[in-house]
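Engineer: the following comprises the amino acid sequence and a computationally predicted model.
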Amino acid sequence: MTKWEKKVVLVTGAANGIGKAVAAAYAAANAHVFIVDIDKEHGESLAAELAEKRLSATFLYGDVAKETDVHTIFETMKQTHDTVDIIINNAGISAFTPLEKLSFAEWEKVIHTNVTSVFLFAKFGVPRMPEGAAIVNIASTRALMSEPNSEAYAASKGGIVALTHALAATLAKNRIRVNAISPGWIEAGNDQELREVDHLQHLSGRVGKPEDIVRACFYLTDPENTFVTGENLVIDGGMTKKMIYLD
């Protein structure tokens, strides 16, 4: 029996990449996992794959940026489960567009998908979360440092970090912990072949893997870690701490 046995875990953006690894790990720990994504094909495929392993998972289609979709997600969940113990807000998109070409619609889409979704899942999820529940929001090291043409993405990830400690303060009365994870460079299956120089940019000597973020999620949702809330855990192999000198 694990600490997550029979817990109800909701993971957004869970059809691919980091979210997929997180959802699969909680299912393997004998939690019931709700896989939320707009990618119906891969979301249903993951749910079927987990079912073949006799693990418990349900795919729910929904756009996390839309209030009606998020409300519907929780109403659907209620048909089989009265509560949700853990929410992992992982869904996100990026847009690296020159400032003068960044449209308001594109800005709005990134902000709503990345940070408004965190607000919506708290708004509709918290009424169904018991004491001891936990929320983990996936931010990014782009909340702490930037490169050109990343305004929308950086703003959204910085907003997630700020919203995390605001929610932690608000939900302290409910004994619900809220933390963020800021991943650095994670090889999530969609990168080109990595070079040695890519790994050497990290104090750890390697680019990150989805499993690195999975372990952080387990730490932050461990029911024994009640003294950790409002934090932003940077998981980046030391990349943001490494000084790089150019010749």
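Structural biologist: Alright, I've got the coordinates.
Engineer: separation between the residue nearest the centre of the chain and Ser45?
Structural biologist: Nearest residue to the geometric centre of the chain (Cα atoms, centre = their mean): Asn90, 2.1 Å. Noted for Asn90: a distance of 17 Å to Ser45, by Cβ to Cβ, to the nearest Å. Where C-beta positions appear, they are placed from N, C-alpha and C, glycine not excepted.
Engineer: where do the strands sit along this structure?
Structural biologist: Under the criterion DSSP state E, the chain contains strands at 8-12, 32-37, 57-61, 86-89, 134-138, 177-183, 232-235.
Engineer: to Gly189, which of these lies closest?
Structural biologist: Proximity to Gly189, assessed across the strands of the chain by Cβ to Cβ, is greatest for strand 177-183 (14.1 Å).
Engineer: okay, now the sheet partners of the closest one, with direction.
Structural biologist: Here strand 177-183 is paired, per DSSP bridges, with strand 134-138 (parallel), strand 232-235 (parallel).
Engineer: would you tell me which one of the ones you listed is buried the most?
Structural biologist: strand 134-138 (a mean of 27; mean count of other Cβ atoms under 10 Å).
Engineer: now do it and strand 8-12, the angle between them.
Structural biologist: 20 degrees (axes from the mean of the first three to the mean of the last three Cα atoms, to 10 degrees).
Engineer: contact partners for the closest residue to Asp222 other than its chain neighbours?
Structural biologist: Leaving aside its sequence neighbours, Asp222 sits nearest to Lys3 (Cβ to Cβ, 6 or more residues apart in numbering; 6.2 Å). Contact partners of Lys3, counting by Cβ atoms under 8 Å, 6 or more residues apart in numbering, are 29, 222-224.
Engineer: with Pro130 instead?
Structural biologist: 83, 85.
Engineer: returning to that earlier point: what subset of the contacts of Lys3 is buried?
Structural biologist: Buried subset of the contacts of Lys3 (neighbour count, 16 or more other Cβ atoms under 10 Å): Ala29.
Engineer: could you export the contacts of Lys3 as CSV, including distance to Gly208 and pLDDT?
Structural biologist: Formatted as CSV, these follow (distance: Cβ to Cβ, whole Å; pLDDT from 0 to 100):
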residue, distance to Gly208, pLDDT
Ala29, 21, 97
Asp222, 21, 97
Pro223, 26, 95
Glu224, 25, 95
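Engineer: tell me which of the contacts of Lys3 is nearest to Gly132?
Structural biologist: Nearest to Gly132 among the contacts of Lys3, with distances taken as Cβ to Cβ, is Pro223, at 5.7 Å.
Engineer: could you verify my assumption that the closest one touches Gly132?
Structural biologist: Yes. Between Pro223 and Gly132 there is a contact under Cβ atoms under 8 Å: 5.7 Å.
Engineer: can you count the residues close to the nearest residue to Glu211 once chain neighbours are set aside?
Structural biologist: Leaving aside its chain neighbours, Glu211 sits nearest to Ala21 (6.3 Å; criterion: Cβ to Cβ, 6+ apart). By the criterion of other Cβ atoms under 10 Å, Ala21 has 22 neighbours.
Engineer: where's Ala21 relative to His199, distance?
Structural biologist: Ala21 sits 20 Å away from His199, going by Cβ to Cβ.
Engineer: check Ala133 too.
Structural biologist: Ala133 sits 37 Å away from His199, going by Cβ to Cβ.
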